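Visitor: Next one to model:
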Amino acid sequence: MSLIIKQPGMLTTLQDLGRYGLRNLGFSTAGAMDTLAARVTNLILGNPENAPVLEFTLTGPTLEFHKPTIICLSGGSAEATVGNHFVAPNCVTPIKAGQTLKISGLKTGCRGYLGVKNGFQALEVLGSCSTHLAAGIGGLSGRALKENDRLGFNSCSAKKGFRPDIAVGREFTQYLENQADSQPVRFIRGPQASWFSRQSLHHFYSQSYSVHPDSDRMGYRLCGQKIESSYSENLITEGTTTGSIQVPPDGQPIILMSDCQPTGGYPKIGNIISADLPRVAQLKPSDTVTFQEVSVREAQRELIEQRINLNRLAIAAEHYWNHNQDEY
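Guide: Residues are numbered from 1 along each chain as shown. Down below sits the predicted model:
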């Protein structure tokens, strides 16, 4: 194997972008919570966007490398070192055989991502390497990583003269900085929005909610002003998706996340737009969030802009690796 887990961190799993087309069979999508950060990690390394990466939560792992490689860290702002050298985010960093990477707590955000050049080795289950903890499939035996686990990857040595280039991700980093965390999370109106009174809708739009500690990869429970339904009948169970905002009988919203169930019986007041789901994935317990309703057209426009910036990053990374192809 290529590396050994010396310390696993709070919750570290192997993830790609998830398994799609199986919700009708009862399988959750799973995959990286912050799909944008996972994509950035892989694109900077010149990997396919869907290559498996390590997702760590709040505190990162300590990894001892037995083969040389080149890594990239993205997502929440992590304090990471190799020996006495600081590992900068969103750039390439060479690792020699025998070196140890230590990732401590996140200074900002909730989840970080670690990728290696050419990706981690993992078996696909139903078309994806993503770990789904509840189902016990994907990743490494369908579970979180633990001490002394071993992971494989194809070795990749940085030759003499290899120079890490932070500029690879500079343009995209600027794009991310423009997406201020203090901005409201945008959503489109849900299929049962009419079930809620005008006052309840006003409360949802105008107040802030805090993330409850009882939140996980399946969903974020929010705490705030109770949202009351004006509809007396029960909802027949119907399909859900990542980003659905359900309102259970206690009136406290739940945002469904990557590991969410394929169906649900709570009314949905809205759905987080795809472009803002990565921001939601970085919320920690006790963080606050506000909401802003937008149109479907605006949601589509924001996703297109995000895709354009990812394409620019991919072009910059391809140029970088083509220029350095004889150096690794």
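Visitor: Stretch 203-220: end-to-end distance?
Guide: Taking CA to CA, to the nearest Å, stretch 203-220 runs 19 Å from one end to the other.
Visitor: how close does the nearest residue to residue 192 once chain neighbours are set aside get to residue 290?
Guide: Leaving aside its sequence neighbours, residue 192 sits nearest to residue 267 (CB to CB, 6 or more residues apart in numbering; 3.6 Å). Where C-beta positions appear, they are placed from N, C-alpha and C, glycine not excepted. Separation of residue 267 from residue 290 (CB to CB, to the nearest Å): 21 Å.
Visitor: shaky segments in the stretch 151-300 of the chain?
Guide: 157-182, 232 (pLDDT under 70).
Visitor: go with 50
Guide: For the stretch 151-300 of the chain, no stretch has pLDDT under 50.
Visitor: any idea where the helices of it begin and end?
Guide: 170-178, 198-206, 277-281, 296-323 (DSSP state H, counting those that start in this stretch).
Visitor: which one of those helices lies closest to residue 8?
Guide: Closest to residue 8 of these is helix 277-281 (CB to CB; 20.0 Å).
Visitor: hmm, back to that, and the residue nearest to residue 192, how many residues sit next to it?
Guide: 22 (other CB atoms under 10 Å).
Visitor: same question, residue 100
Guide: There are 15 residues near residue 100, going by other CB under 10 Å.
Visitor: same thing with the one 10 residues further on?
Guide: Residue neighbour count, defined by other CB under 10 Å, stands at 21 for residue 110.
Visitor: ok, now the one 4 residues further on?
Guide: Counted with other CB under 10 Å, the burial measure for residue 114 works out to 24 neighbours.
Visitor: I'd say it and residue 53 touch.
Guide: Yes - using CB atoms under 8 Å, residue 114 is in contact with residue 53, at 6.2 Å.
Visitor: So what's the gap between stretch 46-55 and the chain middle?
Guide: 12 Å (CA atoms, centre = their mean, to the nearest Å).
Visitor: buried set for it?
Guide: Within stretch 46-55, the residues that count as buried by 16 or more other CB atoms under 10 Å are 46, 47, 50, 51, 52, 53, 54, 55.
Visitor: Enumerate every residue touching the first one.
Guide: Right, the one you point to is residue 46. Listed by CB atoms under 8 Å, 6 or more residues apart in numbering, the contact set of residue 46 reads 117, 317, 318, 320, 321.
Visitor: go on, residue 293?
Guide: 186, 187, 188, 189, 205, 270.
Visitor: Most neighbours of all those residues, which one?
Guide: Top of those by neighbour count (other CB under 10 Å): residue 270, with 26 neighbours.
Visitor: And the helices in the stretch 1-150 of the chain, which stretches?
Guide: With DSSP H, counting those that start in this stretch applied, the stretch 1-150 of the chain shows helices at 35-45, listed in chain order.
Visitor: all strands of it, in order?
Guide: 3-7, 12-15, 53-57, 62-65, 69-82, 85-86, 93-95, 100-116, 120-121, 150-153 (DSSP state E, counting those that start in this stretch).
Visitor: Which one of these lies nearest to residue 243?
Guide: strand 100-116 (16.2 Å).
Visitor: how about that closest one: buried residues?
Guide: So strand 100-116, judged by 16+ other CB under 10 Å, has buried residues 101, 102, 103, 106, 109, 110, 111, 112, 113, 114, 115, 116.
Visitor: This completes my enquiry, with thanks.
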